[in-house]
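> Return atomic coordinates for the entry below.
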Amino acid sequence: MDLKPNLNSPVLADQVPVKMSSLGRSATSAPYWASFSSDLHLIIPKRRTFPNKLDDVRTSGWLDAMKASSPPRKKINKDINFDTASEEADALYLSWLKIYPSAISSFEKITNYAKGKTVALFLDYDGTLSPIVDNPEHAFMSSAMRTAVKNAAGYFPTAIISGRSRDKVHGFVGLNELYYAGSHGMDIIGPVKDSKRGKEVNLFQPASEFLPMIDEVFRSLIKNTKDILGSKVENNKFCVSVHYRLVDEKSWDLIAQRVLDIIKNYPRLRLTYGRKVLEIRPVIDWNKGRAVEFLLESLGLNDRDDVLPIYVGDDRTDEDAFKVLRVGGKGFGILVSSVPKETNAYYSLREPLEVMDFLISLVRWKKAEMATH
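Numbers count the residues shown, from 1 in each chain. The predicted model follows:
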């Protein structure tokens, strides 16, 4: 497996306005390309490179980045015509769908391409299998979704790749027949093969040496953010997440400054951001895309023409996996989003309920394919 460093900054793919003119692509860049023509204009921020020097959050651009990726809830304005606003939003989304068509409406195209191939499924958790919630401890998946994932794993190699700790996401999902890659792919285990022993197979932990440092930073962050109402610090084993979803926007610069003040003393750690979360990770060339490559190789499915990897995710961190699958046409990325976003995915789904429908349809298709052979 080629693990050459990739220092390109990830695509900003969070809920932000988008400009369609920045989404121009070659007609041959995807197996099933829908032509795009529209006078509608969206605004998507271009790839963002953060400053190397950790200084004041306002001058360094971090506060702007937090606001761009985590827009506050809209306040009700009696002068707004919500019917018109809704119509405009729907029109923009429909135009975006011409570039990133629904994986459900494009299901026949996907399965036609998958005929005779081994489909490997890679799934994010938050926002993909479970809804986004204010309290990350309450991000529970439905029993119907659990059944859909379990049934899919019975027909396809299936992995959950999450920014959560491996143990935490395993606790949410509760299925032993899956592969789990926690901490953005830095902690990977295989499924339980022997139900009597109930042992999982530890596959890879590329950042083990960072564990004492991560624990130290976690304790410091707990101490230094406890006075910020609504903040929550989560230890995800190989990374630390600082959630500000419940923090008043007036205090966002404060929480960012506290985080920056701590990690500037740890040059081997880096700060990234997601949807209303700041994440501290080891400075190693590893991400969800590398986790996909590692799992494909571990499964003996890498560099084969009869394999179709499909990755479903909703967050900026999933873009690394989308890019891996797009390069060389290895497979399909499916972005879960109800608003237009710039992405390296091929297809889209609106919400977790559509993800469940897609998984159920995949199993139904596979059963029918097996019945004809």
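
> so where's the stretch 1-150 of the chain uncertain?
Scanning the stretch 1-150 of the chain for pLDDT under 70 picks out 1-60, 62-63, 67-85.

> and what of the stretch 201-350 of the chain?
The low-confidence ranges in the stretch 201-350 of the chain, as defined by pLDDT under 70, are 201-202.

> where do the helices sit along it?
211-225, 252-263, 288-298, 319-326 (DSSP state H, counting those that start in this stretch).

> out of the ones you listed, which comes closest to residue 281?
Shortest distance between residue 281 and the helices of the stretch 201-350 of the chain, using CB to CB, is found for helix 211-225: 8.8 Å. C-betas here are computed from N, CA, C, even on glycine.

> Could I get the buried residue list for the closest one?
214, 217-218, 220-221, 224-225 (16 or more other CB atoms under 10 Å).

> show me where the protein has strands.
118-123, 158-161, 179-182, 187-190, 201-204, 232-235, 240-243, 269-274, 277-282, 307-313, 332-336, 347-349 (DSSP state E).

> so can I have TSV of these showing distance to residue 96 and mean neighbour count?
Below are the strands of the chain laid out as TSV (distance: least, CB to CB, whole Å; neighbours: other CB atoms under 10 Å):
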stretch	distance to residue 96	mean neighbour count
strand 118-123	22	22
strand 158-161	25	26
strand 179-182	29	26
strand 187-190	33	22
strand 201-204	36	14
strand 232-235	32	19
strand 240-243	28	24
strand 269-274	21	20
strand 277-282	25	23
strand 307-313	17	25
strand 332-336	10	26
strand 347-349	8	25
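
> I'd like the ones you listed as a markdown table, with distance to residue 256 appended.
Converted to a markdown table, the strands of the chain look like this (distance: least, CB to CB, whole Å):
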| stretch | distance to residue 256 |
| --- | --- |
| strand 118-123 | 30 |
| strand 158-161 | 26 |
| strand 179-182 | 25 |
| strand 187-190 | 26 |
| strand 201-204 | 32 |
| strand 232-235 | 13 |
| strand 240-243 | 9 |
| strand 269-274 | 9 |
| strand 277-282 | 7 |
| strand 307-313 | 25 |
| strand 332-336 | 26 |
| strand 347-349 | 30 |
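
> so what does the longest helix seen in the chain touch, helix or strand wise?
For the chain, the helix with the greatest residue count under DSSP state H is helix 352-371. Contact partners of helix 352-371 among helices and strands, from 3 or more CB pairs under 8 Å, 6 or more residues apart in numbering; DSSP states H and E: helix 107-114, strand 118-123, helix 143-153, strand 332-336.

> And these: which comes nearest residue 281?
strand 118-123 (19.4 Å).
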